[in-house]
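Colleague: Fold the following for me, if possible:
(chains A and B)
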There are 2 protein chains.
Amino acid sequence: MQGKDMPGVNGGGPMWKQLNNEPPDSPTHYSDDELMLGYRDRGMESLDYEVVESVAYREDQAQRGIWHHASYVTLKWTFALLIGIGTGLAAFFINIAVENFSGWKFAATFAVMKHSYFLGLVVYIACNGALVFSSVYIVTQFAPAAAGSGIPEIKAYLNGVDTPGILLFRTLIGKILGSIGSVGGGLALGKEGPLVHTGACIASVLGQGGSTKYNANWRWLRRFKNDRDRRDLVTCGCAAGVAAAFRSPVGGVLFALEEVTSWWRSQLLWRVFFTSAVVAIVVRTAMGWCKNGKCGHFSSGGFIIWDISGGQDDYSFYELLPMAMLGAIGGLLGALFNQLTIWISTWRRNVLHRQGNRVMIIEVLLVSLITSILSFGLPMMTTCKPCPDPAKYPDVTCPLPSSNYGNYVNFFCSNENEYNDLATIFFNTQDDAIRNLFSTNTPNEYTTRSLLTFLVMFFSLAVLTFGTAVPSGQFVPGIMIGATYGRLVGILVVNASRKNSVDEGTYALLGAASFLGGSMRMTVSLCVIMVEITNNLQLLPLIMLVLLISKAVGDAFNNGFYEEQVKLRSLPLLESRPQRFMRTLAAKDAISTRKVVQFSRVSKVSQIVAVLRSTDHNGFPVVDNLDTGEPVVIGLILRSYLLVLLQAKTDFQHNSLPGDIRGQISFRFTIYFGCLDCGIYVLCHGLHKS
Amino acid sequence: MQGKDMPGVNGGGPMWKQLNNEPPDSPTHYSDDELMLGYRDRGMESLDYEVVESVAYREDQAQRGIWHHASYVTLKWTFALLIGIGTGLAAFFINIAVENFSGWKFAATFAVMKHSYFLGLVVYIACNGALVFSSVYIVTQFAPAAAGSGIPEIKAYLNGVDTPGILLFRTLIGKILGSIGSVGGGLALGKEGPLVHTGACIASVLGQGGSTKYNANWRWLRRFKNDRDRRDLVTCGCAAGVAAAFRSPVGGVLFALEEVTSWWRSQLLWRVFFTSAVVAIVVRTAMGWCKNGKCGHFSSGGFIIWDISGGQDDYSFYELLPMAMLGAIGGLLGALFNQLTIWISTWRRNVLHRQGNRVMIIEVLLVSLITSILSFGLPMMTTCKPCPDPAKYPDVTCPLPSSNYGNYVNFFCSNENEYNDLATIFFNTQDDAIRNLFSTNTPNEYTTRSLLTFLVMFFSLAVLTFGTAVPSGQFVPGIMIGATYGRLVGILVVNASRKNSVDEGTYALLGAASFLGGSMRMTVSLCVIMVEITNNLQLLPLIMLVLLISKAVGDAFNNGFYEEQVKLRSLPLLESRPQRFMRTLAAKDAISTRKVVQFSRVSKVSQIVAVLRSTDHNGFPVVDNLDTGEPVVIGLILRSYLLVLLQAKTDFQHNSLPGDIRGQISFRFTIYFGCLDCGIYVLCHGLHKS
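Modeller: Coordinates of the predicted model:
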């Protein structure tokens, strides 16, 4: 939409001249206008993040002593500590549970498989179905806001729009338990996105002083129950979630910085950093406690750390070409993934999910059934490969018994000395599958056919799964998809170059980075997360290169995954830069056919009450006239402030005001508009009773 | 200074009511008032970073097509690429030169030492003196702005204040050549800070389309000759400098983000990231080209990468105590370092450096002489230690011949089987000294006495050296100091625990982090830089912990090193958060006794000319009256805009304006004030001729 297509752009005149001069007491309503941002108002409210600078505020600040400030700061840091500990423990709990449920599931399947493959499949399907059912049941019956990734909602929240229910205590519980079920149940989704949401919920619940609904509420914690402080806490929680999910503390800080907060305040940086450090220490301590098999099936496998330090740490100049190609593929596939998820999510929202919880539950169970059958059946139909020559690869153990998770698993092979390459990635937990895809010094482990099969199937499953009513993250599926085609390209390069220095695992890693870059379009934070989870700094410049290309390619087609999902949920998101066409627009163009309800400088109480009753606007411009008669906006008054003033009406009536303005409220404003190219948002305003 | 001490705070009334109503044509001058920020105006100008949103701008934007936009974006990215390449090559050149000069210097010294130790000392002093002289001569005669670190000036620039001469082509040349001399000459300073400045200069020179003074100026590059674009380029250059100095691309991005830019725009993130990636690839390619001794003495030693992957990657819980102690020591020593440099810099500025270039040159040569004598003489006076038992430490080569740079160097030892621990850190290039301090699996290499001697001496030298008229960075000295006391604490812990898992080198690294944290007070970027230069992600949580503590302790005493230096240079710096006392201040308190020169809405040209002639203000509020007679600020007009309008005066005179306002300029403004708690700054304003 270009400026010239917009109604009402006549390219001149000061903005305040073009204000609607409708008398303030005439009730106005939103017209059902799609506006330029393409979403409708759904009763969501913008949060008040900035301090409202008024005379009252200034007087209040002047009164407050150093002690008040000190206790406030102490409490903030205590919260940061608690968020770190809470999120770290939640992540630990989820990981232990997932690993153990998966472990039991596979153990049961393998035990039964000894007798009958068919019964094994049945057990496998049943286990997955039960786990997934637990997840979808909790989500649909108890915590509907826990469905999906949660990151789009958190992103919207931190950008100023609160979605109902997204940060409640029940959402937190639903997210944790739901994640365990959906990830343990083997669906093509991850637990990382939900962990970010979990962290945010923990922060918000803490900040509210517990849950009002469950009568666990502490008075003295209420001090943080304002938009500004709550938002800071949620930012900390969000970073803590990433730090816990990927064991990537710096990545967490950067994720909060880059992806989530367009309202970043630099004071936050240090606190977020502290929270992340706490998470890192908590997770590490908890994992140290779990050594020596204390925690059942949970071992190092749970947290996604794929150490590929054994991979190639050098590269030839010509290798930059296939790596750039990976970036391009990542951009294309990522954009395709985004587009497909948009379509399927729209369909779900408009058609399928309107039909109630029962349909949602059946849908998830069907997806689970398909996933189980594919991940069990496709490896069965694959012909096994003979083990590599032990003389050439002395440190490879091949074949592994099928109950193990490593490389070279013998699954449904006719020969003893064979392994099933598809089973090592498909019939496995996703963490282990990624570990196998990233594995270094295992050239030609996978056939091109197996990888292609897996790529197509898993891509489809990931698209199909996202948007169902279970908590679902996109990081792990993204890494799986990317690593698969990365490994494919790696095979090509290995065959073309015939040099020993080229390693397929490194290409798999770069492929993973490229897909995430092409889908999520993050740069710095993703780069750091990739480096931190693979524990290999040598590859940093290559990861940067791949990310830059994949983001550029992806941006040519659509927005990033989270932006698209935010749009899909009709959440208004203030982007960091205004679109080009907005440069020529004035505020009145954004208002379009909607009418602004305004107050004059001196307004009668009865007028104000009438306006408050008849409209649902939450802010009203206050307009005065210059001596030339031209109107001039002198400020914006919030509904909430008017309500406070009106509730204190008696004060006005018994005040020693000049006789003729008794019963009136006079507003004087200092004007503090911030200006984005796209319009106006209020930074702060001053209110003065006289 | 608390609010109640400020004159003119009467805690009420809208701000615009308290404006000075002095008629606009009465000349007003700055009174010599220390103001609340404690610095005087030195004729520095705030830059115009934000787009000035006026009707003219909007019309211009509407006219410009997609082609204009595309070429602009292409050019921006081309610049980012060029900055990356340029900074990478500059860093490479500096490193090669420094390593080779140092190499020749040590080779000559050792060659002469075979005959006479005294002559060796003379040669050593002469070499150092010559190198340092070259540096100080270039700086004093040719590029005075190249002295010092450069980071404070860049920080100020990116926060809105331009220091004269700081980004010129001659400063760039002076910085590069000066760095080579001062670092090669063995002074207690580093080349990393200057590299950041170098990167910024490269960016600025590119953005200006070359150097006007040297007639190398390209017209078509002039498009970037505005404050906003130039600032973006300088941010890229700054990140590139860090990326090149530490080979830390992510650290570079974060450094630019955290330390330098309080006006961060998120659009920049991606471009800065790209520049850093380019630097990483350029440096790596250049270093690959230098393999096999092609570049003389330059080998892997040049760029500071200290691989300590061999160190401890695990820690016991009780170790957190000595590590926290390290943090506290770092905070204390860092704050002490800051304080001492403030005092000595003040004295230099007020007394010593007023006496001209000759004194500056003599001063630097004296410092060089002291440094040479100490670094040569102190190791000579140390008693050598016997080599460790080869049976116990089979991979230690001891002693090394004195011409080598590694550990266990035999320097001035009476016995064959001995080594001089002080010489390995003092009589060495700083990069190698740090490598030796960080070295792992070398317990008890250093005696406590040697380390203490070195700590005291080097700390004093670093304080003494900073502020002399040579380019000087504080990173490497900081790492040296921190690593020394870190190693001391490490020795204590090793002796106390008697466990093999504790490694002195790891404590040295944490010590280095703590000192930098305590002095510079960066958190995230420093953390990433430390991780990237040591190539060890395992230590990340520990580094975070140490940094948090050292910053907290340091903050209790004074501001960060760069902030203090910025203050010392009397550069006004808009801090990211307003100080507490500012919360109760209004703009008029900041203005204090200075007078605002204002225009009324309709002003005569003669009036305006008179005001422009009689004042040096660069911005004038425009005031109109409400119909109640109250004045209201309706905008701010810049001197530059008035000049443009006045130069186009003929247009007004021949315009079809209503008869009675001919010869007048009428201003109509839309008001866009942004509000910090501390006062007012202008985001953008609209100007409309009528």
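
Colleague: How far off centre is the helix or strand containing residue A:254?
Modeller: Residue A:254 belongs to helix A:249-255 when assigned by DSSP states H and E. Put simply, helix A:249-255 sits 13 Å off its chain's centre (C-alpha atoms, centre = their mean, to the nearest Å).

Colleague: Is the very next helix or strand once past that helix positioned near chain B?
Modeller: Next along the chain after helix A:249-255, taking DSSP H and E as the criterion, comes helix A:266-289. Yes. Applying C-beta under 8 Å from any C-beta of the partner chain, one finds helix A:266-289 touching chain B at A:266, A:267, A:269, A:270, A:273, A:274, A:276, A:277, A:280, A:281, A:284, A:285. C-beta here means a position set from N, CA and C on the backbone, and glycine is covered the same way.

Colleague: Can you list the helices and strands that the helix holding residue A:254 packs against?
Modeller: Applying 3 or more C-beta pairs under 8 Å, 6 or more residues apart in numbering or on different chains; DSSP states H and E, we find helix A:249-255 packed against helix A:227-246, helix A:266-289, helix A:524-534, helix B:524-534, helix B:540-555.

Colleague: I'd like those helices as JSON lines, with mean pLDDT, mean neighbour count and distance to residue A:544 appended.
Modeller: Shown next, in JSON lines, are these (pLDDT from 0 to 100; neighbours: other C-beta atoms under 10 Å in any protein chain shown; distance: least, C-beta to C-beta, whole Å):
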{"stretch": "helix A:227-246", "mean pLDDT": "88", "mean neighbour count": "28", "distance to residue A:544": "18"}
{"stretch": "helix A:266-289", "mean pLDDT": "83", "mean neighbour count": "22", "distance to residue A:544": "22"}
{"stretch": "helix A:524-534", "mean pLDDT": "83", "mean neighbour count": "26", "distance to residue A:544": "6"}
{"stretch": "helix B:524-534", "mean pLDDT": "83", "mean neighbour count": "26", "distance to residue A:544": "12"}
{"stretch": "helix B:540-555", "mean pLDDT": "89", "mean neighbour count": "25", "distance to residue A:544": "19"}
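
Colleague: wait, which of the ones you listed is closest to residue A:318?
Modeller: helix A:524-534 (23.1 Å; C-beta to C-beta).

Colleague: Grab the CA positions of the helix holding residue A:254 and hand them over as CSV.
Modeller: Extracted in CSV, the C-alpha atoms of helix A:249-255 (Å, rounded to 0.1, in the frame of the first residue of the first chain):
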residue,chain,number,x,y,z
PRO,A,249,23.0,-17.8,28.7
VAL,A,250,24.3,-15.2,26.3
GLY,A,251,22.0,-16.4,23.7
GLY,A,252,19.1,-15.9,26.1
VAL,A,253,20.1,-12.3,26.7
LEU,A,254,20.4,-11.6,23.0
PHE,A,255,17.2,-13.4,22.2
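
Colleague: And the contacts of that helix?
Modeller: Residues external to helix A:249-255 that are found in contact with it (C-beta atoms under 8 Å, 6 or more residues apart in numbering or on different chains): A:196, A:238-244, A:246, A:269, A:272-273, A:276-277, A:279-280, A:522, A:524-525, A:528-529, A:532, B:254, B:524, B:527-528, B:531, B:540-541, B:544.

Colleague: any chance of the residues of helix A:266-289 next to chain B in a markdown table, with distance to residue A:98 too?
Modeller: Converted to a markdown table, those look like this (distance: C-beta to C-beta, whole Å):
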| residue | distance to residue A:98 |
| --- | --- |
| A:266 | 37 |
| A:267 | 36 |
| A:269 | 32 |
| A:270 | 33 |
| A:273 | 28 |
| A:274 | 28 |
| A:276 | 22 |
| A:277 | 25 |
| A:280 | 20 |
| A:281 | 22 |
| A:284 | 19 |
| A:285 | 20 |
